[in-house]
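Chemist: Have a look; sequence and predicted model below, questions after that.
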Amino acid sequence: MKTTLDIHDELLARAKQHARQTGRPLRAVVEEGLRGILSKPHTENRYRLEDRRVGDPDAGDPLERYSWPELRELIYGDPGTR
């Protein structure tokens, strides 16, 4: 099957060079790369943010006692003063 792909110029140049060095067509190099990546089990490499919490972990949420309008006022100040 034929298809069209947009490949970064430097990556394509490296793939073509590899194909020449190994005496294989570019198609074979691309197929080998796809087979290699698709044969690996899928693992999620999610970024995990380091836990940097401070204070008592058993203490309640200090912001829980505020309503949303009160929080907005604490964060942005009195809207009438802008």
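Modeler: Good, I have the coordinates.
Chemist: First-to-last residue distance for stretch 50-61?
Modeler: Stretch 50-61 has an end-to-end distance of 20 Å (C-alpha to C-alpha, to the nearest Å).
Chemist: How far away from the center of its chain is that stretch?
Modeler: Computed by C-alpha atoms, centre = their mean, to the nearest Å, the chain-centroid distance of stretch 50-61 equals 27 Å.
Chemist: for stretch 30-39, same thing?
Modeler: Worked out by C-alpha atoms, centre = their mean, stretch 30-39 lies 21 Å from the chain centre.
Chemist: What lies in contact with the helix or strand hosting Gln21?
Modeler: Following DSSP states H and E, one finds Gln21 within helix 9-22. The contact list for helix 9-22 (C-beta atoms under 8 Å, 6 or more residues apart in numbering) reads Ile7, Pro25, Leu26, Ala28, Val29, Val30, Gly33. For glycine as for every other residue, the C-beta is placed from the backbone atoms N, C-alpha and C.
Chemist: So which of those residues sit within helices?
Modeler: Judged by DSSP state H, those include Leu26, Ala28, Val29, Val30, Gly33 as members of helices.
Chemist: mind putting the residues you listed in CSV, neighbour count, distance to Ala19 and pLDDT included?
Modeler: What follows is these, written out as CSV (neighbours: other C-beta atoms under 10 Å; distance: C-beta to C-beta, whole Å; pLDDT from 0 to 100):
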residue, neighbour count, distance to Ala19, pLDDT
Leu26, 13, 5, 96
Ala28, 12, 7, 96
Val29, 19, 5, 97
Val30, 15, 9, 96
Gly33, 12, 11, 95
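Chemist: nearest to Tyr76, of those?
Modeler: Gly33 (51.7 Å; C-beta to C-beta).
Chemist: which non-adjacent residue is nearest the closest one?
Modeler: Among residues not flanking Gly33 along the chain, Ala15 sits closest, at 7.8 Å (C-beta to C-beta, 6 or more residues apart in numbering).
Chemist: can you count the residues close to that neighbour?
Modeler: 15 (other C-beta atoms under 10 Å).
Chemist: Return the per-residue confidence for it.
Modeler: Predicted confidence (pLDDT) for Ala15: 96.
Chemist: Mind putting the ones in helices among the contacts of helix 9-22 into a markdown table with distance to Arg72?
Modeler: Listed next are these as a markdown table, based on distance: C-beta to C-beta, whole Å:
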| residue | distance to Arg72 |
| --- | --- |
| Leu26 | 59 |
| Ala28 | 61 |
| Val29 | 57 |
| Val30 | 54 |
| Gly33 | 52 |
